[in-house]
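Asker: what follows is a protein structure lacking sequence information:
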């Protein structure tokens, strides 16, 4: 089965449609599937729902799809650093489903494991709990959260072999593995693709069974907040 494709557009061919739920990896500006996001923008699909920790910044990450008004809803845990994200939400142009960060990651992981729902204490007594089932366990109240089952996952890895076994670097590991797991189809962009057997099995963060298509590319290294000491 062919997994390696020549470009992001080729890797997404036949997978995109309007009204999709897409799970996207990335944490801040780290580990964002920027090549795949650009290809989604160029495809023209619209009314998309994204499950992602954040939306990048105005001109990077999911922010480029907010600029073109291709996103209808965000399922996120952080809105900061993206003025257009905030503007669209406050003006009622964009739906937003806020999730505590750990809850969002677990919802993705649960979907990838075939778990339709789980109980958590996070959010009890806040707006997060409104409209959700409450249940007591050992005298403590929990709320029911649903697993995320995405139509498509797009993620970015540091290194992978041609079968899709992948390694993520540092903070990029926070959301990319669970995002990859919860999609019916997972497309991964990678900085380097190697042959099977070249990766130490103990260092693999995501088994290739979750990955359907791969593309190698050149990526931009951005810093979200540059803080330097005055000279």
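Answerer: Structure's in. What do you need? The shown structure was predicted, so the numbers you read here are calculated from the model rather than taken from an experiment.

Asker: all helices of the protein, in order?
Answerer: Along the chain, the segments classed as helices by DSSP state H run 8-12, 34-43, 63-67, 83-90, 101-112, 176-181.

Asker: CSV please, covering those and showing mean neighbour count and distance to residue 223.
Answerer: In short, each C-beta sits where N, CA and C put it, glycine included. CSV is the format used below for the helices of the chain (neighbours: other Cβ atoms under 10 Å; distance: least, Cβ to Cβ, whole Å):
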stretch, mean neighbour count, distance to residue 223
helix 8-12, 20, 23
helix 34-43, 21, 15
helix 63-67, 20, 16
helix 83-90, 17, 18
helix 101-112, 21, 21
helix 176-181, 28, 19
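
Asker: who are the contact partners of the closest residue to residue 11 other than its chain neighbours?
Answerer: Excluding the flanking residues, the one nearest residue 11 by Cβ to Cβ, 6 or more residues apart in numbering is residue 5, at 4.0 Å. Contact analysis of residue 5 by Cβ atoms under 8 Å, 6 or more residues apart in numbering lists 11, 213-215.

Asker: can you rerun that using 10 Å?
Answerer: Residues near residue 5 by Cβ atoms under 10 Å, 6 or more residues apart in numbering: 11-13, 187, 189, 213-216.

Asker: and the furthest pair within those?
Answerer: 13 and 216 (16.5 Å; Cβ to Cβ).

Asker: from the chain's centre, how far out does the lowest-mean-pLDDT helix or strand in the chain sit?
Answerer: Within the chain, confidence by mean pLDDT, DSSP states H and E is lowest for helix 83-90 among all helices and strands, at a mean of 90. Here helix 83-90 is found 19 Å from its chain centre; the criterion is Cα atoms, centre = their mean, to the nearest Å.

Asker: helices or strands up against it?
Answerer: Where contact means 3 or more Cβ pairs under 10 Å, 6 or more residues apart in numbering; DSSP states H and E, helix 83-90 is packed against helix 63-67, strand 71-76, strand 95-98.

Asker: ok, residues contacting that helix?
Answerer: Contacts of helix 83-90 (Cβ under 10 Å, 6+ apart): 54-59, 61-64, 66-67, 69, 71, 74, 76, 78-80, 82, 93-96, 98.

Asker: can you do 8 Å?
Answerer: 55, 58, 63, 66-67, 74, 79, 93-94, 96.

Asker: hmm, which of the residues you listed are the buried ones?
Answerer: Taking 16 or more other Cβ atoms under 10 Å as the criterion, what is buried in the contacts of helix 83-90 is 55, 58, 63, 66, 74, 79, 94, 96.

Asker: ok, the last one - contacts?
Answerer: Counting by Cβ under 8 Å, 6+ apart, residue 96 makes contact with 73-74, 76, 79, 89.
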